[in-house]
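> Give me a 3D structure for the following:
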Amino acid sequence: MKFAPFKYLAPESTDEAVAVLGELGEDAKVLAGGQSLLTLMSLRVAQPEVLVDVGRAGLGGVGSGDALEIGATTTQNEALRDLSVRERAPLMSRALLDVAHHTLRNRGTVGGSVAHADPAAELPAVLVALGGEVVARGPAGTRTIGADDFFISHYTTALEESELLTAIRVPGPAPDAWAFYEVARRHGDFAQVGVAASFSVDRDDRVASARLVLFAVDERPLRIAVAEEALVGRRLDDAEARAEAAERCAEAIEPVGDLHGSPDHRRRIARGAVRRALEGVVRETG
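Presented below is the predicted three-dimensional model:
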């Protein structure tokens with residue numbers, strides 16, 4: 001199918017982009033890399049009256065201070081190659097390898113993926129697992145939104161219609177340990193079930209805190225608190241703890257059946273994916 005008619009705007013600065021969005025409101029849709037939005041437009045699932053292309057608005061780049069900050073229009077491959085991302089958020093670097101394919105990552109953006117909020121996407125789950133936050137700017141100014149509160153439902157976030165996602169932030173140094181695993185029909189396909197997790201570990205090599213997130217099983221990235229509780233106070237190489245966490249994840253989710261499998265089938269996949277993720281935990285030694 002062809003796109004429905006639309007007007008195209010390409011503001012030259014963040015201020016201009018915010019002003020345009022404030023004026024147009026729900027009539028406008030932000031275009032970053034376009035790898036998700038343009039597909040929906042070609043199917044006429046999305047039919048915005050105005051596309052606001054923020055590619056020239058100065059929102060790219062990676063900064064590393066107290067928090068790692070990745071500009072919204074930083075491409076996924078730019079983030080994948082960036083040394084600061086590798087050092088400060090290795091979980092994100094690993095997850096980016098499973099985002100679509102290399103060619104698409106040359107255009108797809110970090111901010112676009114987060115703002116699109118596809119429940120089967122890797123980056124939203126990683127942001128939650130790392131306890132990150134989103135920086136949003138609108139006519140009323142700039143605010144930050146914790147990742148736990150940012151994702152509402154399918155393709156729905158806490159962004160106001162007139163707000164622009166300008167960056168994502170990941171706090172502090174890299175977690176002591178992290179894990180990532182996803183199940184897909186083919187590499188680069190959307191995940192059927194995915195797992196992203198980060199851990200702080202004490203001197204006795206026991207889990208002090210955990211953030212374990214499943215994606216592609218619910219309408220948003222889903223933290224499984226009961227599974228985190230099963231791991232806290234126990235060693236990550238404790239097979240019994242890993243099995244208990246995996247079982248709790250399978251029991252906690254309520255996946256919807258689709259052409260890829262029934263709800264029970266997806267629970268079985270989730271159970272196995274969590275076990276595989278926890279068996280492959282990466283410990284940071286720096």
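> For the residue nearest to A67 when sequence neighbours are not counted, name its beta-bridge partners.
Excluding its sequence neighbours, the residue lying closest to A67 (Cβ to Cβ, 6 or more residues apart in numbering) is R169, at 4.5 Å. C-betas here are computed from N, CA, C, even on glycine. As for beta bridges, R169 partners with E69, E133 under DSSP bridges.
> Quick one: neighbours of R169, just the number.
20 (other Cβ atoms under 10 Å).
> Against R143, how distant is it?
R169 sits 12 Å away from R143, going by Cβ to Cβ, to the nearest Å.
> I'd assumed E133 was in contact with the residue nearest to A67.
Yes - using Cβ atoms under 8 Å, R169 is in contact with E133, at 5.1 Å.
> My read is that A95 contacts A121, right?
No - A95 lies out of contact with A121 (Cβ under 8 Å); the separation is 9.6 Å.
> Between these two, which has more neighbouring residues?
A95 (26 against 22).
> Just say helix, strand or coil for that one.
The three-state label given to A95 by DSSP: H, G, I helix; E, B strand; the rest coil is helix.
> Okay, and A115 sits in which element?
In this assignment (DSSP states H and E), A115 forms part of helix 110-116.
> So what touches the very next helix or strand once past that helix?
Going down the chain from helix 110-116, the next helix or strand is helix 122-129, by DSSP H and E. Contacts with helix 122-129, where a contact means Cβ atoms under 8 Å, 6 or more residues apart in numbering, come from 76, 89, 91-92, 95-96, 98-99, 110, 113-114, 117-118, 134, 147-148, 150-151, 168, 170, 178, 180, 182, 191, 194, 196-198, 211-215, 220-221, 223.
> Low-confidence regions, the stretch 151-286 of the chain specifically.
260, 285-286 (pLDDT under 70).
> Going along the chain, name the helices of it.
Secondary structure of the stretch 151-286 of the chain (DSSP state H, counting those that start in this stretch): helices at 225-231, 239-252, 263-279.
> okay if I get these as JSON lines plus distance to S84 and mean neighbour count?
Shown next, in JSON lines, are the helices of the stretch 151-286 of the chain (distance: least, Cβ to Cβ, whole Å; neighbours: other Cβ atoms under 10 Å):
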{"stretch": "helix 225-231", "distance to S84": "27", "mean neighbour count": "19"}
{"stretch": "helix 239-252", "distance to S84": "31", "mean neighbour count": "19"}
{"stretch": "helix 263-279", "distance to S84": "25", "mean neighbour count": "19"}
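> got JSON lines for the ones you listed, with distance to G25 too?
Listed next are the helices of the stretch 151-286 of the chain as JSON lines, based on distance: least, Cβ to Cβ, whole Å:
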{"stretch": "helix 225-231", "distance to G25": "36"}
{"stretch": "helix 239-252", "distance to G25": "38"}
{"stretch": "helix 263-279", "distance to G25": "38"}
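> Nearest approach to V85 belongs to which of those helices?
Among the helices of the stretch 151-286 of the chain, the nearest to V85 by Cβ to Cβ is helix 263-279 (20.3 Å).
> can you list the residues that contact that closest one?
Counting by Cβ under 8 Å, 6+ apart, residues outside helix 263-279 touching it are 179-183, 192-195, 197, 212, 214, 217, 227, 231, 236, 242-243, 245-247, 249-250, 253-257, 260-261.
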